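Enquirer: Sequence first, then the predicted structure:
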Amino acid sequence: MENLEQVHLQVNEVFYPTEELKKECIVQDYESMYKKSIENPDEFWSEVASELFWYQKWDKVLEWNFPYAKWFVNGKTNITYNCLDRHVENGRRNKLAFISVDEEGNEKKITYGELLERVNRLANGLKSLGLSKGDRVSIYMPNTVEAVISMLACARIGVIHSVVFAGFSEGALKIRVNDAKAKAVITATYTKRRGKKIPLLPTVLEATKDLDFVKHIIVWDRDKEIEESQQNGKIVDFENLIKSSSPVCNPEIMDAEDPLFILYTSGTTGKPKGVLHTVGGYMVNTYLTTKTVFNIKEDTVYWCTADVGWITGHSYIVYGPLANGTTSVIMEGVPVYPHPGIWWEYVEKYRVNVFYTAPTAIRMLMRFGDEIPAKYDLSSLKIIGSVGEPINPEAWLWYYKHVGKEKAKVVDTWWQTETGAHMITTLPCYPAKPGKAGKPMFGVVADVVDKQGNSLPPNTIGYLVIRKPWPSMLRTCWGEPERYEKYWKDIPGNVYNADDLAAIDEDGYIMIVGRADDVLNVAGHRIGNAEVESAIIEHPAVAEAAVIGKPNEIKGESIKAFVVLKEGYTPSPELVDEIKETVKEVLGAIAVPDEIEFVDKLPKTRSGKIMRRVLRAKELGQELGDISTLED
Ligand code: PRX
């Protein structure tokens, strides 16, 4: 690209892969492969699934009983066999699976052979504690290889894992452990962030103290702080459990539709939804998308900067890369500590070829100036990905120019906890447009419609829907099937409503505008407005609260709360701090409002529902829109 400043204003500018990259692309012709996936899905998915190991082949690729889908019906497999044993048996025993690094440059390397052994040992350890297929285990761990081992050990024996992001506080953890009725929690004594140790074990102990069904807390004791006397059957030492268990553990033979994991995500009510993914379809689609979107070759070094606590970590740190036998970097820490070039230092050090991060991080690093990435040799990068929020063209172009050096291909990837895998992107071989997520992935029929389900003309904003089931779709919401059915019954036409606003341009590129529902996206973290409101109300002085998202240059959105105090309380800066502290305790630091404004009353409909839309429009100086339902 010759003149980036001009391109800046032309969102419709097209960026092609370099000839060198094009030659290396696993998928050379997106259009024809996409066509096949839609016109002949059975053959398409059978071929992909056949690249993996199955104890028993499926009878049927898809059974669609609206809105419930079964993929690879009666197929039997184990995802850990495909992620580990398959590689060990095929000459990758000594290939590195992970390079686990922290902020201080400490590194721990683990090969496929070693990973398999540790997973087997922990799996046997879990069995010895009485855990078996179908039980749930919550995982509240730092973003290290020990978290990966914990997840895989569960999957090995058919235990359903439920990872909770270790930045969530005890209240949020308790809700999730309780909802899943987890029999055990795997945690660590602490996680490291900005050079500080953030304790995790005390949070777990507090969160589970009234939950009698939690029989074991398995602790990765990082500095050997826990005395033997404390290990009383309830508290179990992670390393001892691994050491004392056998390294051989036959994988549980899993039906394709057996649950693999529950991952809680925010919805429009205060209670998070337990998105359930099953073994077969999730395995096949994370395998395929990782391979084709990141163009994974035998010698690819890959790095996804997400945390295992989110879906990106599940699909693109753990299952997708391992199913492909990839070598990955995994990092515990933040992108700016000990210096804002730390990520680029590691890209240079490990010769990373594929780098996958979020727009928030790109915008933050952009602020530190072009000279930071310029100090490092980033020439190993071939593909640089983006996920989690809309990437604005400025950030896209900066990423392309200063990180990718106008050579690496930017792939924006739109998807959700619910979709399990990438849904919209531009494959490496295919031209990309800054700020537009791109084209549907294989098997995905995406459309933009109005509330009645009518397709909209090009460049018109509407609801993003998916018209057909896909292998890695969520199967239900744990214990709440009605919440699952809502995705498919919201908009007429038997379509999946992603609850995102989007538009399709004249070339078929889909641009994601943002959430359509009352869900915030703060620095790529999905938080429900109602969750924050419920947390605020826990402060004794608060009568009512309403939360809105405001556009924010770095985080995408920031949180503003309008608070009505109870009789007898007066607004003060101290009260603002106290309310923020309450939210931190109940939910975690990521959900703390940036602004709190005290008001006398909140705008409500006559039926008493808070009209956040009115507050937001007022705050942003926009038209109020239809306020005929406003109470007064
Ligand atoms: O609004 C979309 C946004 O993130 C939401 C899904 O959040 P979560 O389930 O936490 O998963 C995030 C990681 C996959 C979507 O409804 N989102 C995700 N990726 C993009 C995006 N918005 C725009 N562009 C993206 N590439």
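Expert: Cool, the structure landed.
Enquirer: How about residues contacting the longest helix belonging to the chain?
Expert: When the chain is parsed with DSSP state H, its longest helix is helix 112-128. Identification of contacts with helix 112-128 by Cβ atoms under 8 Å, 6 or more residues apart in numbering yields 80, 84-85, 87-88, 92-98, 110, 137, 145, 148-150, 152-154, 156-157, 159, 184, 218, 236, 238, 241-249, 325. (C-beta placed from N, C-alpha, C; glycine too.)
Enquirer: buried subset of the residues you listed?
Expert: Buried members of these, scored by 16 or more other Cβ atoms under 10 Å, are 80, 84-85, 87-88, 92, 95-98, 110, 137, 145, 148-150, 152-154, 156-157, 159, 184, 218, 236, 238, 241-242, 245, 249, 325.
Enquirer: still on that earlier bit, what about the longest helix of the chain, distance to the chain center?
Expert: Between the centre of helix 112-128 and the centre of its chain there are 25 Å (Cα atoms, centre = their mean, to the nearest Å).
Enquirer: cool, stretch 183-202 as well?
Expert: Counting by Cα atoms, centre = their mean, stretch 183-202 comes out at 20 Å from the chain centroid.
Enquirer: now swap in stretch 295-307 and tell me
Expert: With Cα atoms, centre = their mean, you get 16 Å for stretch 295-307.
Enquirer: how about residue 506, secondary structure?
Expert: coil (DSSP: H, G, I helix; E, B strand; the rest coil).
Enquirer: Model confidence at the residue of the stretch 351-500 of the chain found nearest the ligand, what's the number?
Expert: Nearest residue of the stretch 351-500 of the chain to the ligand: residue 417, at 3.4 Å (Cβ to the nearest ligand atom). Residue-level confidence at residue 417 comes out at 98, pLDDT.
Enquirer: Which of the three states applies to it?
Expert: coil.
Enquirer: just to revisit the earlier point, just checking, which of the contacts of helix 112-128 belong to helices?
Expert: Short answer: the contacts of helix 112-128 in helices (DSSP H) are 80, 87, 145, 148-150, 152-154, 156, 238, 241-243.
Enquirer: In the protein, which residue sits furthest out from the middle?
Expert: Farthest-out residue of the chain from its mean C-alpha position, per Cα atoms, centre = their mean: residue 568, at 43.0 Å.
Enquirer: Can you give me the pLDDT of it?
Expert: For residue 568, the predicted pLDDT is 95.
Enquirer: Can you name the residues that contact the spatially closest residue to residue 392 that is not a sequence neighbour?
Expert: Among residues not flanking residue 392 along the chain, residue 435 sits closest, at 6.1 Å (Cβ to Cβ, 6 or more residues apart in numbering). Taking Cβ under 8 Å, 6+ apart as the criterion, residue 435 is in contact with 11, 390, 391, 392, 393, 396, 511.
Enquirer: Identify the bridge partners of the spatially closest residue to the last one that is not a sequence neighbour.
Expert: Put plainly, it is residue 511. Of all residues not flanking residue 511 in the chain, residue 436 sits nearest, at 4.4 Å (Cβ to Cβ, 6+ apart). Taking DSSP bridges as the rule, residue 436 bridges to residue 433.
Enquirer: count of neighbours near residue 436?
Expert: 27 (other Cβ atoms under 10 Å).
Enquirer: The contacts of residue 435 also near the ligand: which ones?
Expert: residue 390 (Cβ under 6 Å from any ligand atom).
Enquirer: Among the contacts of residue 435, name the ones in helices.
Expert: Per DSSP H, the contacts of residue 435 map to helices at 393, 396.
Enquirer: export the contacts of residue 435 to CSV and tack on distance to residue 284?
Expert: Output for the contacts of residue 435, formatted as CSV (distance: Cβ to Cβ, whole Å):
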residue, distance to residue 284
11, 34
390, 28
391, 28
392, 33
393, 34
396, 30
511, 28
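Enquirer: Same list, the contacts of residue 435, but as JSON lines with pLDDT, distance to residue 115 and neighbour count please.
Expert: Formatted as JSON lines, the contacts of residue 435 follow (pLDDT from 0 to 100; distance: Cβ to Cβ, whole Å; neighbours: other Cβ atoms under 10 Å):
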{"residue": "11", "pLDDT": "63", "distance to residue 115": "43", "neighbour count": "16"}
{"residue": "390", "pLDDT": "93", "distance to residue 115": "35", "neighbour count": "21"}
{"residue": "391", "pLDDT": "94", "distance to residue 115": "33", "neighbour count": "25"}
{"residue": "392", "pLDDT": "92", "distance to residue 115": "38", "neighbour count": "17"}
{"residue": "393", "pLDDT": "92", "distance to residue 115": "40", "neighbour count": "18"}
{"residue": "396", "pLDDT": "96", "distance to residue 115": "35", "neighbour count": "24"}
{"residue": "511", "pLDDT": "95", "distance to residue 115": "39", "neighbour count": "23"}
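Enquirer: Nearest to the ligand within the stretch 151-300 of the chain, name that residue for me.
Expert: For the stretch 151-300 of the chain, Cβ to the nearest ligand atom, closest residue to the ligand: residue 265, 5.1 Å.
Enquirer: tell me the contacts of that residue?
Expert: Residues in contact with residue 265, defined by Cβ under 8 Å, 6+ apart, are 272, 273, 275, 311, 416, 417, 418, 526.
Enquirer: Quick check: beta-bridge partners of it?
Expert: Applying DSSP bridges, one finds that residue 265 bridges with residue 273.
Enquirer: now it: how far from residue 172?
Expert: Distance, residue 265 to residue 172, using Cβ to Cβ, to the nearest Å: 12 Å.
Enquirer: Please enumerate the strands of the stretch 51-200 of the chain.
Expert: Applying DSSP state E, counting those that start in this stretch to the stretch 51-200 of the chain gives strands spanning 60-65, 68-73, 76-77, 96-101, 107-111, 136-140, 160-163, 184-188, 190-193, 196-199.
Enquirer: Now the second one: buried residues?
Expert: It refers to strand 68-73. 69, 70, 71, 72, 73.
Enquirer: That strand versus strand 60-65: what angle between them?
Expert: 170 degrees (axes from the mean of the first three to the mean of the last three Cα atoms, to 10 degrees).
Enquirer: Strand 68-73 pairs with which strands?
Expert: strand 60-65 (antiparallel).
Enquirer: just to revisit the earlier point, could you measure the residue nearest to residue 511 against residue 100, distance?
Expert: From residue 436 over to residue 100 (counting by Cβ to Cβ), the distance is 35 Å.
Enquirer: The stretch 251-400 of the chain against the ligand: which residues are in contact?
Expert: 265, 311, 312, 387, 388, 389, 390.
Enquirer: and residue 54, how far is that from the ligand?
Expert: 27 Å (Cβ to the nearest ligand atom, to the nearest Å).
Enquirer: Which residue is the nearest non-sequential neighbour of that residue?
Expert: That would be residue 77: by Cβ to Cβ, 6+ apart, it lies 4.7 Å from residue 54.
Enquirer: returning to that earlier point: mind putting the strands of the stretch 51-200 of the chain into a markdown table with distance to residue 405 and mean pLDDT?
Expert: Shown next, in a markdown table, are the strands of the stretch 51-200 of the chain (distance: least, Cβ to Cβ, whole Å; pLDDT from 0 to 100):
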| stretch | distance to residue 405 | mean pLDDT |
| --- | --- | --- |
| strand 60-65 | 42 | 98 |
| strand 68-73 | 40 | 98 |
| strand 76-77 | 41 | 98 |
| strand 96-101 | 23 | 98 |
| strand 107-111 | 25 | 97 |
| strand 136-140 | 37 | 98 |
| strand 160-163 | 35 | 98 |
| strand 184-188 | 37 | 98 |
| strand 190-193 | 30 | 96 |
| strand 196-199 | 34 | 96 |
